[in-house]
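Novice: From the sequence below, what's the structure:
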Amino acid sequence: MCMWVDDHFSHSNSLFAHPNIVRFVGVSVDPVALVTELVEGRDLWELIHDPGVKYTWGAVQKMAIGCAAGMEHIHS
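Specialist: A predicted model of the protein is given here:
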């Protein structure tokens, strides 16, 4: 069963609208999980833990800067 975000959370979502923030959609009760927008490709967990994927320092730096930009937006 999935409960969708009500108007209150929809308003909060608009405050967090940013290219580096995945949009929250709702909550699944069984199994318990957060429901977010679909992001093209693989999920971040799979990418980070795949030993076959090699990253350059430039790619790692770009991901870290993107994460920091999203966090800065949330906390501003």
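Novice: Please make it C-alpha for all contacts and neighbour counts, starting now.
Specialist: Will do.
Novice: mind checking how far the residue of the chain most remote from its centre is from residue 32?
Specialist: Distance from the centre of the chain peaks at residue 52, with 22.8 Å (Cα atoms, centre = their mean). Residue 52 is 30 Å from residue 32, where distance means Cα to Cα, to the nearest Å.
Novice: dump the residue contacts of residue 35.
Specialist: For residue 35, the contact set (Cα atoms under 8 Å, 6 or more residues apart in numbering) comprises 24, 25, 26, 27, 28.
Novice: Dump those into JSON lines; add neighbour count as well.
Specialist: Formatted as JSON lines, the contacts of residue 35 follow (neighbours: other Cα atoms under 10 Å):
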{"residue": "24", "neighbour count": "17"}
{"residue": "25", "neighbour count": "17"}
{"residue": "26", "neighbour count": "18"}
{"residue": "27", "neighbour count": "17"}
{"residue": "28", "neighbour count": "13"}
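Novice: Just those residues: which are in helices?
Specialist: In helices, judged by DSSP state H, none of those are found.
Novice: of these, closest to residue 59?
Specialist: Nearest to residue 59 among the contacts of residue 35, counting by Cα to Cα, is residue 24 at 25.6 Å.
Novice: separation between the closest one and residue 71?
Specialist: Counting by Cα to Cα, the gap from residue 24 to residue 71 is 15 Å.
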